[in-house]
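Trainee: this one's structure only:
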Ligand SMILES: *Cc1c(COP(=O)(O)O)cnc(C)c1O
């Protein structure tokens, strides 16, 4: 297989159209067999459920080349089950989890020429998504759905190393109590756009959202979960039913316990106690961990002792261990690495 001629180490985080994608349609109560197709465009009726009432969900994961030249992806079974959870919450039919993983494998294999080579820092981002496709005008779930997966090569999240971020405590909420914060739905992102544009205009990289009921507890950012490191080397991560269950965060918790012999606390985290932590990081598929150096709460600054120059030492150890597992430098727990080619 010959690789495409792309400037792998200078790719940004944008959409590059590849040769093929996967599509399966749901009609009369069943998913069809699905197929690999070349057309990147979708033609739908003007009244499709997705356009009128935002009945759409998505996932995100990456395929990449390991040191020994294999193309792999990381824990796709967890994306499959999380997408099934998202589907149930929005009254959509879940795409069968085993077929989800098969479709990921198929679409990456067929686009192998777009998987960045080892050492470039770039990866192939995989975007599964699903939407209501038939006309819906009265408010109700659609009867017909489309499940698709496209892939796009993306550059390293941080060019020239991960510099600690400055973030702000947001006055907006990202999720309602008992709402949809725990599922990966486009609607959670539509309503976060104003908050993130505002934060960027004010010079902040991200928003720290608080719990919508009491506004005293840390939830997450628009697209990444928090981890904190205490001064005595414990990992603390917020627990709430309106946080999106990040696969990166769940993997880091496992790594902390089983590889680094750290104590882990998954619990409510008060904003008030953040000033006592030694390190803070944001975790998600795109960057694995982005260090946070400063949190601004309406003019009062919380400066993490790890500072603004580099990732804190414990965060770094977590980062190195998880990326070591992903890249095949360290032994992975059973089932974490799915070999594609
Ligand atoms: C996708 C997402 C994350 C990160 O999840 P990963 O599975 O680690 O990529 C965190 N928060 C939100 C709101 C998300 O949508």
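Mentor: Ah, there it is. No experiment lies behind these values; they were computed from the predicted model shown.
Trainee: what parts of the chain come near the ligand?
Mentor: Taking Cβ under 6 Å from any ligand atom as the contact definition, the chain meets the ligand at 60, 184, 220, 223-225, 244, 246-249, 283-285. Every C-beta, even on glycine, is put in place using the N, C-alpha and C of the backbone.
Trainee: do that again at 5 Å, thanks
Mentor: With Cβ under 5 Å from any ligand atom as the criterion, the chain meets the ligand at residues 223, 224, 244, 246, 247, 248, 284, 285.
Trainee: can you tell me which of the residues you listed are in helices?
Mentor: In helices, judged by DSSP state H, the following of the residues of the chain next to the ligand are found: 247, 248.
Trainee: using TSV, lay out the residues of the chain next to the ligand together with pLDDT.
Mentor: As requested, the residues of the chain next to the ligand are exported to TSV (pLDDT from 0 to 100):
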residue	pLDDT
223	94
224	96
244	98
246	98
247	98
248	98
284	96
285	95
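Trainee: which of the residues of the chain next to the ligand are buried? Put it as a ChimeraX command.
Mentor: Here is the ChimeraX command that selects the buried residues among the residues of the chain next to the ligand (16 or more other Cβ atoms under 10 Å):
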select :223,224,244,246,247,248,284,285
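Trainee: taking the residues of the chain next to the ligand together, which two end up most distant?
Mentor: For those, the farthest-apart pair by Cβ to Cβ is 223 and 247; their separation is 12.8 Å.
Trainee: the stretch 1-150 of the chain: strands as residue ranges?
Mentor: Listed in chain order, the strands of the stretch 1-150 of the chain (DSSP state E, counting those that start in this stretch) span residues 21-27, 30-31, 35-37, 56-58, 61-65, 71-74, 123-132, 145-154.
Trainee: which outside residues touch the fourth one?
Mentor: Okay, so that is strand 56-58. 50, 83, 86-87, 90, 92, 127-132, 183-187 (Cβ atoms under 8 Å, 6 or more residues apart in numbering).
Trainee: now do the contacts for the residue in the stretch 1-150 of the chain that the ligand sits nearest to.
Mentor: Proximity of the stretch 1-150 of the chain to the ligand (Cβ to the nearest ligand atom) peaks at residue 60, 5.7 Å away. Residue 60 is in contact with 79, 125, 126, 127, 184, 285, 286, counting by Cβ under 8 Å, 6+ apart.
Trainee: please apply the same query to residue 179.
Mentor: Shown in contact with residue 179 (Cβ under 8 Å, 6+ apart): 212, 242.
Trainee: and it, what are its phi and psi?
Mentor: Per-residue torsions, residue 179: phi -100, psi -130 (degrees, to the nearest 10).
Trainee: hey, what's the closest residue to residue 239 other than its chain neighbours bridged with?
Mentor: Leaving aside its sequence neighbours, residue 239 sits nearest to residue 266 (Cβ to Cβ, 6 or more residues apart in numbering; 4.7 Å). On the basis of DSSP bridges, residue 266 is bridged to residue 237.
Trainee: coming back round to it: I'd like the residues of the chain next to the ligand written out as TSV, with distance to residue 141 added.
Mentor: Formatted as TSV, the residues of the chain next to the ligand follow (distance: Cβ to Cβ, whole Å):
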residue	distance to residue 141
223	26
224	30
244	22
246	27
247	27
248	31
284	29
285	28
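Trainee: one step back: now the contacts of residue 60: which count as buried?
Mentor: Counted by 16+ other Cβ under 10 Å, the contacts of residue 60 give 79, 125, 126, 127, 184, 285, 286 as buried.
Trainee: tell me how far stretch 185-205 lies from the chain's centre.
Mentor: With Cα atoms, centre = their mean, to the nearest Å as the basis, stretch 185-205 stands 16 Å off its chain's centre.
Trainee: no wait, stretch 235-248
Mentor: For stretch 235-248, the distance to the chain centre is 12 Å (Cα atoms, centre = their mean).
Trainee: swap in stretch 12-23?
Mentor: 17 Å.
Trainee: mean confidence for it?
Mentor: Stretch 12-23 comes out with an average pLDDT of 96.
Trainee: please apply the same query to stretch 273-283.
Mentor: pLDDT averaged over stretch 273-283 gives 97.
Trainee: tabulate the buried ones among the contacts of residue 60 (TSV), appending distance to residue 313.
Mentor: Output for these, formatted as TSV (distance: Cβ to Cβ, whole Å):
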residue	distance to residue 313
79	31
125	29
126	32
127	34
184	32
285	24
286	23
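Trainee: contacts only, for the residue of the stretch 51-200 of the chain found nearest the ligand.
Mentor: Closest residue of the stretch 51-200 of the chain to the ligand, Cβ to the nearest ligand atom: residue 184 (5.0 Å). Contact analysis of residue 184 by Cβ under 8 Å, 6+ apart lists 57, 58, 59, 60, 82, 83, 86, 244.
Trainee: let's see 10 Å
Mentor: 57-60, 79, 82-83, 85-86, 89, 128-129, 223, 244-245 (Cβ atoms under 10 Å, 6 or more residues apart in numbering).
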